Structures are given as C-alpha cells and as structure tokens.
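Engineer: Build me a model:
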Amino acid sequence: MTRTALHRLPLALAAGLLVSTAGFASTASAADTIKIGAPFNVTGALSSLDAPALNGAKLKVKEINDAGGVLGKQLELEIYDTKTDPTVIASVASQLVSQDVPVGMGFTDSDSVLALGPIFQQAGIPFVTPGATSPKLPDQIGDMIFLACFGDNVQAAAGDEYLMNEAKAKKVFLLRDNSTEYTTLLAKYFDEAFTHDGGRVIARDDYKSGDKTFTAQITKLKALSEKPDALYVSAMPDDIGLIVKQMRQAGVTEPIVGGDGYDTPLLIQVGGKAADGVVYSTHAFMATDSTPAIQKFYKDYKAAYGMEPENAFAALGYDTVGLIADAIKRAGAADPKKIRDALAATQGYKGITGSISYPEGTRVPAKTVAMIGVKNDKLYLADEVTPKWIAKP
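Structural biologist: Predicted structure coming up:
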C-alpha cells in the first residue's frame, strides 16, 4: 500500500499496517494483480509463529509470480501486522473487506481467526488459515473458513499415541493454559484420546498465558502420591520455554510432551538445556535432511531472508499461498464465491507439509503429524503419526 493510502487509514488501522510486499509482489497495475488479504501477528505474543508464516507466504508469492503468476496476473499480498490484538484484527478485517480482496489468509492461532472470521464470512470472502488448528473453526464461523493445517484433535491424538507407544506412558499429569481457545481445546482432545486408549490423567492443573512463575503447579505435581509417567503440557509459544526450565530446576524429570505451540525457537532459547527430552507435535520436520521439498524450501528461504526457516509455520504459510493460487486457477477467476467453491473441491494439492484434501462437508484437511524431539539443543524427528482414533471436534 502506498504512503498516501496509509495516511487515509484510521489511526487503529495505520497502527496495524506492517510493510509492503516490496520484493515479493508485482509492481504491475491493479488490473494486472490478484490481491490476497494477509493479516498476521508479526508483533506481540504470537510473532514467533506468525512472522515465519508470513515469510513463507511471501516466498511462495514470489515463486508463483516469477513463473508467470495465476490466470495471467501477478499475486499481491495485502499485509497487515495485527499485533496479537483482537481489536486491531477486527479493524484490519473490515479494512481488507473494504478493499474488495477476493480471498484472505493468515494467523497461526484460533483466537485471531475467531476475531476476523465473522467479518470475512459476512462479506462472503474465503479465508484460509495456515496454522490455526481448532477443528471447530469452520463450523463456528461458516463456510468461508478453511484450514491448511491439521486440527488440534489430530495432533492431540498423535501426542497420545506417541506417549502410549514410544514413551510407554500410562499415567499423565495434564497442565494447560486456560486462557486461549487453542490450549484449552488441545488439552481437551488429548484427555479424550489418552483416556480412550486406556491411559489415565491422574491430575490436572491450569495457569494463564503470561504467568512468570509456575511454583504452584509444580508443587501440586510433586505432592502427588501417585507419580505420572509423563506430562502433557498444552502451552503457547511464549510460555513453554519458561515452564520447561522451571520444571527441570525443581527436579521434575518426567518426559514433557505437547503441541505445535512449542514449535518456536523460544523453546530452546528460553528453556536451554532443560528443553532436552521435550517432544511436540507439529506440521513438518524442518531440517536440511528432511524431504526433498523441505530441503529446497530451506535453501530458498535462507537465500531470501538470510536465515533458516524458524519452524514449520514458515512452510505452512508457503503451502497456504500455493493452495489459494491453485484454487484461483481452477476457479478461472478472482471471484470470492468461485474461489471458495474451488477450495472446497481441493483434492490432493501437494504441499511441502503434506497433501491437502478436503473431504466432502469438511474444511479441515487430514494430514500426518510430525513428532519432534529436542536433544543437545537440536531438533530431531522422533516419529510420524497418523492417529488411529481421533476425538470429534
């Protein structure tokens, strides 16, 4: 967006605007471009997930445009930093709708999609989230909402199977952040899956995202007369490193397993040596010895940004742009309803995080879950799981 256009924005919206797509989008006229709304929490508590997702999206846009674009037009991301603030998110959603974008993408958490989604739904504009994993979102908001990632019920079931089969855990202590949609749902789905498979949750406790001390929860855990075989901790990215560090400092030695909220450099940066032995579910194993597609992505991402991809959310952002571009091509026009119908009909789109298909009547793809472990400050692929039993959304 031009500087002149920025000055016309209300103050709240101007605060939400991050950067142009310079270097990653076309300089062609508006008639020669297809715009994709791209709100992301590039600052705030979710920046360690959303910023890589946006970088991956920009990389895919450049790749598509360099190859000639879609339907003879260049793709252009309309990027806003929504600052992990629901008020800014809602304001930016209204701004994007007023700009008549035919489709949008963004976010790696469910609360942000819940703040934006109803505005896009009412306007009849499809929205694809790279990494918000609540499988309830499409039904909560409406038929314009799609996930490019698996649902929390799937990754919770994968965590359950890993604990049962690999860690041989039959008893767990369940700790959750009770302040977000993502963490409460993930904990709920894990509880259901673990119990279904014959495990027992012997105790539960809560905390709130942003807490800096977990003494009360650790004291409760250590006072249990029956000791758990492992801990399942449903946490946001800003919290998990500190939780792990304080747990280990207090002498808690049981394995710690959780979800894709761990998939951030903060786990090791904050947790340090205490992160060793942690295992978490996520969307792909991001390493130079991963699949050929991930290896190429690694090389291209490093060339574009001067660093390796921070986590799997970078790859999800990349895949989401590819998924949208594929739908626009099949739709034959940059028309919101046609793009929505083409997205719903997607079968076997080959992304670098896995194949994406939407079974009839659903807008959450079925995908394999990567279980990532930490050892000596390095990540490794602990397992790949396609869960046998999955809790209903």
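Engineer: can you map out the helices along the stretch 151-300 of the chain?
Structural biologist: 152-165, 181-196, 215-222, 237-249, 266-271, 292-305 (DSSP state H, counting those that start in this stretch).
Engineer: Return the set of buried residues in the last one.
Structural biologist: When burial is assessed from 16 or more other C-beta atoms under 10 Å, helix 292-305 yields the following buried residues: 293, 294, 297, 298, 300, 301, 304, 305. Where C-beta positions appear, they are placed from N, C-alpha and C, glycine not excepted.
Engineer: Can you give the domain ranges for the chain?
Structural biologist: The record assigns the chain these domain ranges, following automatic domain parsing: 3-149+290-362, 152-282+370-385.
Engineer: So for the protein, the centremost residue is which one?
Structural biologist: Among the residues of the chain, the one closest to the centroid is residue 131, at 2.2 Å (C-alpha atoms, centre = their mean).
Engineer: Look up how far residue 260 lies from it.
Structural biologist: Residue 131 is 7 Å from residue 260, where distance means C-beta to C-beta, to the nearest Å.
Engineer: Residue 349 too?
Structural biologist: 20 Å.
Engineer: Could you point out which of the helices of the stretch 151-300 of the chain sits nearest residue 125?
Structural biologist: Set against residue 125 and scored by C-beta to C-beta, the helices of the stretch 151-300 of the chain come closest in helix 181-196, at 22.0 Å.
Engineer: Grab the nearest non-local neighbour of the residue nearest to the centre of the chain.
Structural biologist: residue 108 (3.3 Å; C-beta to C-beta, 6 or more residues apart in numbering).
Engineer: pretty sure that neighbour is in contact with residue 46, am I right?
Structural biologist: Yes - using C-beta atoms under 8 Å, residue 108 is in contact with residue 46, at 6.3 Å.
Engineer: Compare those two (neighbour count), which wins?
Structural biologist: More crowded of residue 108 and residue 46, by other C-beta atoms under 10 Å: residue 108, with 33 against 28.
Engineer: And the more buried one, how far from residue 337?
Structural biologist: 27 Å.
Engineer: coming back round to it: mutual contacts of residue 131 and residue 260, please.
Structural biologist: 283, 313 (C-beta atoms under 8 Å, 6 or more residues apart in numbering).
Engineer: what residue ranges in this protein score low on pLDDT?
Structural biologist: Per-residue confidence for the chain (pLDDT under 70) gives these ranges: 1-30.
Engineer: in it, what residue sits furthest out from the centroid?
Structural biologist: Centroid-distance maximum for the chain: residue 225 at 37.2 Å, with C-alpha atoms, centre = their mean.
Engineer: Residue 349 and residue 260: who's more crowded?
Structural biologist: Ranked by neighbour count (other C-beta under 10 Å), residue 349 and residue 260 place residue 260 first, with 28 against 19.
Engineer: show me the contacts for the more buried one.
Structural biologist: 131, 133, 155, 280, 281, 282, 283, 312, 313.
Engineer: Pick out whichever of those residues sits closest to residue 85.
Structural biologist: residue 131 (18.1 Å).
Engineer: That closest one contacts residue 316, doesn't it?
Structural biologist: Yes - shown here, residue 131 and residue 316 form a contact pair, counting by C-beta under 8 Å, at 5.0 Å.
Engineer: any shared contact partners between those two?
Structural biologist: Common neighbours of residue 131 and residue 316 (C-beta under 8 Å, 6+ apart) are 53, 108, 148, 149, 283.
Engineer: Was I right to think the third one contacts residue 321?
Structural biologist: Yep, that's residue 148 we're talking about. No - the pair residue 148 / residue 321 is not scored as a contact, 9.5 Å apart, by C-beta under 8 Å.
Engineer: Which one's more surrounded, those two?
Structural biologist: Remark: of residue 148 and residue 321, residue 148 carries more neighbours, 31 against 26, as counted by other C-beta under 10 Å.
Engineer: Pull the contacting residues for the more buried one.
Structural biologist: Counted by C-beta under 8 Å, 6+ apart, residue 148 has contacts 128, 129, 130, 131, 316, 319, 320, 323, 351, 356, 365.
Engineer: Let me see the contact set for the first one.
Structural biologist: Listed by C-beta under 8 Å, 6+ apart, the contact set of residue 128 reads 103, 104, 105, 146, 147, 148, 320, 323, 324, 343.
Engineer: and residue 61, how many neighbours?
Structural biologist: 26.
Engineer: For residue 33, see how far away it is.
Structural biologist: Counting by C-beta to C-beta, the gap from residue 61 to residue 33 is 11 Å.
Engineer: Check residue 315 too.
Structural biologist: From residue 315 across to residue 33, the span is 25 Å (C-beta to C-beta).
Engineer: The two: which has the busier surroundings?
Structural biologist: When neighbours are counted by other C-beta under 10 Å, residue 315 and residue 33 differ, and residue 315 comes out ahead with 32 against 18.
Engineer: okay, now residue 149: neighbour count?
Structural biologist: A total of 29 residues lie near residue 149 under the criterion other C-beta under 10 Å.
Engineer: thought it was touching residue 135?
Structural biologist: No - using C-beta under 8 Å, residue 149 is not in contact with residue 135, being 10.0 Å away.
Engineer: Could you dump the domains of the chain into a markdown table with distance to residue 392 added?
Structural biologist: Formatted as a markdown table, the domains of the chain follow (distance: least, C-beta to C-beta, whole Å):
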| stretch | distance to residue 392 |
| --- | --- |
| domain 3-149+290-362 | 9 |
| domain 152-282+370-385 | 7 |
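Engineer: for the ones you listed, which one sits closest to residue 393?
Structural biologist: Per C-beta to C-beta, nearest to residue 393 of these: domain 3-149+290-362, 4.0 Å.
Engineer: ok, now which ones touch residue 323?
Structural biologist: Applying C-beta under 8 Å, 6+ apart, we find residue 323 in contact with 128, 148, 343, 346, 349, 351, 356.
Engineer: cutoff 7 Å now
Structural biologist: With contacts taken as C-beta atoms under 7 Å, 6 or more residues apart in numbering, residue 323 has the following neighbours: 128, 148, 346, 349, 351, 356.
Engineer: Format those as a markdown table; extra columns: distance to residue 171.
Structural biologist: A markdown table is the format used below for the contacts of residue 323 (distance: C-beta to C-beta, whole Å):
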| residue | distance to residue 171 |
| --- | --- |
| 128 | 39 |
| 148 | 35 |
| 346 | 41 |
| 349 | 41 |
| 351 | 37 |
| 356 | 36 |
